[in-house]
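> build the 3D model from these lines:
(2 chains)
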Amino acid sequence: AQSVTQLDSHVSVSEGTPVLLRCNYSSSYSPSLFWYVQHPNKGLQLLLKYTSAATLVKGINGFEAEFKKSETSFHLTKPSAHMSDAAEYFCVVSDLWNNDMRFGAGTRLTVKP
Amino acid sequence: DSGVTQTPKHLITATGQRVTLRCSPRSGDLSVYWYQQSLDQGLQFLIQYYNGEERAKGNILERFSAQQFPDLHSELNLSSLELGDSALYFCASSARQGTNYGYTFGSGTRLTVV
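So this is what the prediction gives:
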């Protein structure tokens, strides 16, 4: 079965500095990978997804992620953090056509002024 | 607005009671998924329906049940409630049965059992 590990439970950055949220996955088959963001008291919003096309995936709000099969990683990055980026971020893996999406434990991003 | 509507937004009830959470999927989506989010367990998949039929089950307790109606809205029924059932319950929908396309989540129902 597939699984995902978010390597940091909490990341703190200053506004205007780069963001890196790390995610490693395990999957027996060709995985689909997603990043979701959850702002306080809100639902989860899809940031971006990888589904076996280009390995560098661009998402909303300036976020992007790179699929690295050799490292089984799908890290989320943003060149310059904004205060509005403060939220919980979830890395998600699913096997192609599997009905089971596995969520990571989440990474809380704090952005300092 | 994601297009997935969940009601009610907040629910406070006593132990032993039964509640029903409702979800209307995004227009055109046939699959509905229910998740429970709590501080200690994280985001847990409960159950999935596709076009009215149950398709996958996760960590759903026997006290919980769900169904999807012909108009594609879904209800999650929680009975004999315990304090530990207090959580955020999310509904998500997708156009197809598989998970390759990602889900659209509703804003959740916060259940507090007292």
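
> now check the helix or strand of chain A with the lowest mean pLDDT, is it near chain B?
When each helix and strand of chain A is scored by mean pLDDT, DSSP states H and E, strand A:102-103 comes last, with a mean of 87. Yes: under the criterion of C-beta under 8 Å from any C-beta of the partner chain, chain B is reached by strand A:102-103 at A:Phe103. Just so you know, the C-beta spots here come from the backbone N, C-alpha and C atoms, and that holds for glycine as well.

> in what helix or strand does the residue most central in space within chain A lie?
Geometric centre of chain A, nearest residue: A:Trp35, 3.5 Å, by C-alpha atoms, centre = their mean. According to DSSP states H and E, A:Trp35 maps onto strand A:31-38.

> relative to B:Asp40, how far out is the closest residue to the residue nearest to the centre of chain A other than its chain neighbours?
The shortest distance from A:Trp35 to any non-neighbouring residue, by C-beta to C-beta, 6 or more residues apart in numbering or on different chains, is to A:Leu47 (4.3 Å). Distance from A:Leu47 to B:Asp40, counting by C-beta to C-beta, to the nearest Å: 25 Å.

> neighbour count: those two, which is higher?
Between A:Leu47 and B:Asp40, counting by other C-beta atoms under 10 Å in any protein chain shown, A:Leu47 is the more crowded of the two (23 against 6).

> what residues are up against that one?
Applying C-beta atoms under 8 Å, 6 or more residues apart in numbering or on different chains, we find A:Leu47 in contact with A:Phe34, A:Trp35, A:Tyr36, A:Val37, A:Gly59, A:Ile60, A:Asn61, A:Phe63, A:Leu76, A:Tyr89.

> cool, and A:Gly106?
Counted by C-beta under 8 Å, 6+ apart, A:Gly106 has contacts A:Gln6, A:Ser9, A:Gln38, A:Glu88, A:Tyr89, A:Phe90, B:Gly42, B:Leu43.

> about what we covered before: hmm, who's touching the strand holding A:Trp35?
A:2, A:21, A:23, A:25, A:44-52, A:59, A:63, A:65, A:67, A:74, A:76, A:87-96, A:101, A:103, A:106, B:99-100, B:102, B:105.

> count of neighbours near A:Gly43?
Neighbours of A:Gly43 under the rule other C-beta under 10 Å: 20.

> looks like it contacts B:Gly3 (just checking).
No: at 10.9 Å, A:Gly43 does not count as touching B:Gly3 under the criterion of C-beta atoms under 8 Å.
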